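Q: Sharing a sequence plus its predicted fold:
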Amino acid sequence: MRNDQKLAFLFLGKGGCFAACLGHIEGASAEAVSGAREIDTVACSIPGTTPKDACGDDGATTREARNPLALQLALFAAGTTAAMLVARGVRPHLVIGHSFGEIAALAHAGAFDWAEGARIVCDRTEALVPLAPADGAMLAVSLPAADVQETIAVFSRSNGSRDLVVAVENHDLQTIVPGPRTQLEKYVDGLRELGISTTFLASPYGFHHPTLAAAARELAQRLAQRLACRSASRALRHFVWSPILGRAHAPQDGLCRAVYAGALSSRATGILSIILGFGEALFARLPGQRLPQFSGAAHRLFVA
């Protein structure tokens with residue numbers, strides 16, 4: 001790595017962790033183990049919630065249907081592995097949290113401890129379970145966002161539906177579309193006729209979709225109560241970029257309810273856009289996470 005290059009830690013969302021990802025914490029740095037124990041303490045206070053059991057080898061959708069909070073806490077706990085890199089002398093110039101990963105990015109940067117982050121994850125899940133549409137789903141489409149927007153417009157005109165939206169532009173050949181599963185299945189049929197490949201994501205909710213606005217409001221209210229209990233905002237150890245805010249976190253943001261609520265119902269800046277916005281940078285893969293594969297020049301930006 002050259003002296004003029006930036007190094008970023010990228011905390012990914014639900015699709016970014018390997019099965020059994022918490023196994024990387026065993027024997028890790030003291031800070032990683034301590035953070036994982038803080039999260040486990042919060043989890044153990046909730047009956048039937050054990051993060052380690054949630055990251056087994058069975059399917060993510062099955063795990064989340066069985067205990068959505070356990071899986072969310074497990075994915076959050078995977079973020080503690082960043083401390084392993086720090087213990088080896090790796091210091092990031094910035095950290096970025098993509099979608100759900102933004103909570104872990106802020107915890108790593110010191111905005112709050114891992115226990116408080118776990119409680120935020122609990123607030124998030126408790127807001128979703130009663131208020132999120134039961135038929136929500138997410139679809140990855142192998143097209144740029146602009147092309148996907150055109151296909152959605154055609155689909156909406158022919159089906160009289162406005163339920164599908166562009167949520168995240170992951171890279172130049174993958175765009176995420178949330179919406180009701182029945183509508184997405186019809187949309188997939190039309191794309192298949194055009195030879196366009198798609199993949200349903202292992203998610204029980206259609207994240208970054210307007211139908212989660214009620215859950216977002218409930219989460220914002222919960223976080224307002226949590227913020228009222230805090231004496232002051234904490235200084236961040238690292239520069240933290242928010243795809244939801246479209247800017248870096250500022251000290252006055254506090255728990256930044258807009259971030260966590262916005263991640264439920266608002267469109268997020270895609271990973272590729274973030275990477276290109278920072279120019280030539282190296283992105284470190286955290287232990288237990290898989291980096292997305294990008295085409296073209298962006299691929300060279302990633303290091304393990």
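A: Looks like it came in fine.

Q: Going by C-alpha atoms from here, please, whenever you check contacts or count neighbours.
A: Will do.

Q: any weak-confidence spans in this protein?
A: 1-6, 14-29, 47-67, 229-233, 251-262, 268-304 (pLDDT under 70).

Q: What ranges does it have for its helices?
A: In the chain, the helices defined using DSSP state H lie at 30-44, 51-54, 60-66, 68-77, 82-87, 101-109, 114-131, 145-159, 181-193, 213-228, 257-265, 271-277.

Q: Could you check how far residue 161 is from residue 7?
A: Computed as CA to CA, to the nearest Å, the residue 161 to residue 7 distance reads 43 Å.

Q: ok, these two, which is more surrounded?
A: residue 7 (21 against 12; other CA atoms under 10 Å).

Q: Test my guess that that one contacts residue 238.
A: No - with contact defined as CA atoms under 8 Å, residue 7 does not reach residue 238; the gap is 11.4 Å.

Q: quick one: common contacting residues for the two?
A: Common neighbours of residue 7 and residue 238, using CA atoms under 8 Å, 6 or more residues apart in numbering, are 92, 93, 94.

Q: Mind putting these into CSV with distance to residue 108?
A: Listed next are those as CSV, based on distance: CA to CA, whole Å:
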residue, distance to residue 108
92, 11
93, 13
94, 11
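
Q: Just name the closest of those residues to residue 11, please.
A: Closest to residue 11 out of the shared contacts of residue 7 and residue 238 is residue 94 (11.1 Å), distances taken as CA to CA.

Q: and residue 89, how many neighbours?
A: 9.

Q: and if you look at residue 34?
A: Residue 34 has 15 nearby residues by other CA under 10 Å.

Q: got it, and residue 130?
A: 11.

Q: follow-up on the earlier one: in a markdown table, list the helices of the chain along with distance to residue 169.
A: Putting the helices of the chain into a markdown table (distance: least, CA to CA, whole Å) gives the following:
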| stretch | distance to residue 169 |
| --- | --- |
| helix 30-44 | 31 |
| helix 51-54 | 28 |
| helix 60-66 | 22 |
| helix 68-77 | 22 |
| helix 82-87 | 25 |
| helix 101-109 | 16 |
| helix 114-131 | 23 |
| helix 145-159 | 6 |
| helix 181-193 | 17 |
| helix 213-228 | 20 |
| helix 257-265 | 14 |
| helix 271-277 | 7 |
